[in-house]
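A.B. asks: model this:
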Amino acid sequence: MRKILGICMAMSMLLMPGRQAGACTGITLTAKDSARIVARTIEWGGSELNSQYVIVPRGHTGRSYIPGYTLEGMKLVAQYGYVGLAVEQKEFVVEGLNEAGLSAGLFYFPGYGKYEAYDESRKQQCVTDFQLVSWILGTCATVDEVKETVPKALIVAIDPRASTVHWRFADASGRQIVLEIVDGKPCFYENELGVLTNSPGFEWQMTNLNNYVNLLAGTAQPRQWGTSQLASFGAGSAFLGLPGDVTPPSRFVRAAFYQTTAPTPATAEGAIRQGFQILNNFDIPVGVEFADGKIPADIPSATQWTTATDLTNRVIYYRTMYNSAIRRIDLSQIDFARVSYYVAPLDNVKKQPFVPVEIPK
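C.D. replies: Numbers count the residues shown, from 1 in each chain. The predicted structure is shown next:
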């Protein structure tokens, strides 16, 4: 119990207002073979997130925490098996895919969301924000079912002092929605663009894209200004003004631009590789989130891992700050009726050796 309490306290500190935390970036790609891919990063420069993957069998039963870190909330019974990526402890799945092809992900959302107040008389309906992904993956097969299911729960913070989050859900049809809880009420937004970052709210982020209507792929043509001839210094000048900082509004614009200007890959494999390449642009190096000399953690990157999920073929791919090799978990190879609940770290070895290139003699 003491260990669980310590981990929960670490989670609440991760999400404290004013702390530099999850600068998550999500994109969506579709291949010519109709494979649908959702990809995202997860950032936290304050400490090692102790990230794990979790295999949850059909029929597995758990329970949600309630404020105070006790397991007295909603009983969580998995009607669908799923694979999730968790942070800090196995119950806190922040990204995952179930056997029906439903994807769910949690994104940091400070300062704009507000959950309904905790009600002791409704604790059997309580689901913490950090267990909503698990609950939905075990319960729903489609986006429509997500919209029907979420209002049945009282969604509360794991710690009342902590900041809020919002969520992305996508199903095998390609439909995608964003859930934000504002003034205690769940608000759903259709996400046809397929991009998500953090604060402000999703509607504001979509409106803000209009400020960048001038951005185009390619190189600007030479122009005459009075008697002066102006010409580009090089390729890419048609999108001069694309914001390059790591704030959520800037990342939203940049993700939307890179996603919509990318060529359509022929296959799911091509879309997966393209997703990782695009999200390379959103890796956050340790140091930029903190004032000089205030870096709290000795980790390789603030972007601790990146995933790309193939909704069509039911495969999760990931790479981490410790190992850039892309690994995969194929749900079609898992018998969710027979597999045991399983947890393992994303990286068995934290420091991968440099591999020498073979030089002919």
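
A.B. asks: quick one: low-confidence ranges for the stretch 51-200 of the chain?
C.D. replies: Across the stretch 51-200 of the chain, nothing is flagged by pLDDT under 70.

A.B. asks: Where do the strands of it begin and end?
C.D. replies: Using DSSP state E, counting those that start in this stretch, the strands assigned to the stretch 51-200 of the chain run over residues 52-56, 61-63, 75-77, 82-86, 93-98, 103-108, 126-128, 154-156, 165-170, 176-182, 185-190.

A.B. asks: Report the inter-axis angle for the fourth one versus strand 103-108.
C.D. replies: Translated: strand 82-86. When axes from the mean of the first three to the mean of the last three C-alpha atoms, to 10 degrees is applied, the directions of strand 82-86 and strand 103-108 differ by 20 degrees.

A.B. asks: Now do strand 82-86: which elements does it pack against?
C.D. replies: Judged by 3 or more C-beta pairs under 8 Å, 6 or more residues apart in numbering; DSSP states H and E, the packing partners of strand 82-86 are strand 52-56, strand 93-98, helix 132-139, strand 315-320. All C-beta spots, glycine's among them, are computed from the backbone N, C-alpha and C.

A.B. asks: Just name the most buried of those.
C.D. replies: Using mean count of other C-beta atoms under 10 Å, the stretch among the helices and strands packed on strand 82-86 with the largest mean neighbour count is strand 93-98, at a mean of 28.

A.B. asks: Check what contacts it and list those residues.
C.D. replies: Contact partners of strand 93-98, identified using C-beta atoms under 8 Å, 6 or more residues apart in numbering, comprise 40, 42, 54, 80-87, 103-106, 130-131, 133-134, 137-138, 140-141, 307, 309, 311, 314, 316, 331.

A.B. asks: how many degrees apart are it and strand 315-320 in direction?
C.D. replies: 150 degrees.

A.B. asks: In CSV, list the C-alpha atoms belonging to strand 93-98.
C.D. replies: This file holds the C-alpha atoms of strand 93-98, laid out as CSV (Å, rounded to 0.1, in the frame of the first residue of the first chain):
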residue,chain,number,x,y,z
VAL,A,93,-2.9,3.4,-19.3
VAL,A,94,-2.5,6.6,-21.4
GLU,A,95,-2.6,5.0,-24.9
GLY,A,96,-4.0,1.8,-26.2
LEU,A,97,-5.9,-0.3,-28.7
ASN,A,98,-8.5,-3.0,-28.2
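
A.B. asks: Partner strands of that strand, with direction?
C.D. replies: Strand pairing for strand 93-98, using DSSP bridges, gives strand 82-86 (antiparallel), strand 103-108 (antiparallel).
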